[in-house]
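Undergrad: coords please:
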Amino acid sequence: MTHHSYEPLTADNAAVVLADHQIGLMTGVRDIPLGELKHNVVALTRAARALNVPVVATTTARDSMWGPTFPELKEALHGIEIIDRSSVNAFDDARVARAIEATGRKKLIFAGISLEVCAGFPAMTAVARGLDAYVAVDACGTFSDTKRQVGLLRLQQAGVVLSDYATLMVEILKDNGRAEAGAVYGALDMDWATLVGQMRN
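TA: All right, here's what the predicted structure looks like:
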């Protein structure tokens, strides 16, 4: 595996791609508590928006099979079109691919249900296209522990960077002195960080 020198995520080089956080798929998630998964993907979306990082959102077979995006995420995405498609790999859909390309960003942060398919396939495709792909593992869910384990292994073998939602957003924030810092930590909604902030005030 080739090791590249570390090039930080920034608000100018990163975009977030959310795939298939749909009500029907969520009912099958077994590797992370549903409340935690919902919290994390909403926090990721809100923090990205507070940082002015573009967000591309997509569903698959929304009307026939897997149902709509769950309401809390839909609310966090207000004003962003959720592109519905039939292809398994979001990158295989021309509209989704165009929306990702239109961001002009070379570092893509993926999250999806399921981790190994809805987040994994487009992330591996991004790497194959010469882009840098990251997966926010705790903003993804899947249907068994085996799927989670082999999914993570396959992503690593393909050169996808594995991380968690808060680390990726704090990396983009970069400086706690920035005007957006309060909004970003508010969006990340980590209970211990809120507590520390209250102790200080």
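
Undergrad: just the strands from this protein, written as ranges.
TA: Per DSSP state E, the chain carries strands over the ranges 14-19, 55-60, 82-85, 107-112, 132-136, 161-163.

Undergrad: what's the closest non-adjacent residue to Phe70?
TA: Ile23 (5.5 Å; Cβ to Cβ, 6 or more residues apart in numbering). Yep, even glycine has a C-beta here, placed from its N, CA and C like the rest.

Undergrad: in CSV, list the strands of the chain along with mean pLDDT.
TA: Output for these, formatted as CSV (pLDDT from 0 to 100):
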stretch, mean pLDDT
strand 14-19, 98
strand 55-60, 98
strand 82-85, 98
strand 107-112, 98
strand 132-136, 98
strand 161-163, 98
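
Undergrad: rebuild those strands as TSV, extending it with mean neighbour count.
TA: Formatted as TSV, the strands of the chain follow (neighbours: other Cβ atoms under 10 Å):
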stretch	mean neighbour count
strand 14-19	27
strand 55-60	24
strand 82-85	18
strand 107-112	28
strand 132-136	25
strand 161-163	15
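
Undergrad: closest to Val184 out of those?
TA: Of all the strands of the chain, it is strand 14-19 that lies closest to Val184, at 13.4 Å by Cβ to Cβ.

Undergrad: state the distance from the residue nearest the centre of the chain to Gly177.
TA: Residue closest to the average C-alpha location in the chain (Cα atoms, centre = their mean): Ala111, at 3.1 Å. Going from Ala111 to Gly177 by Cβ to Cβ, to the nearest Å gives 28 Å.
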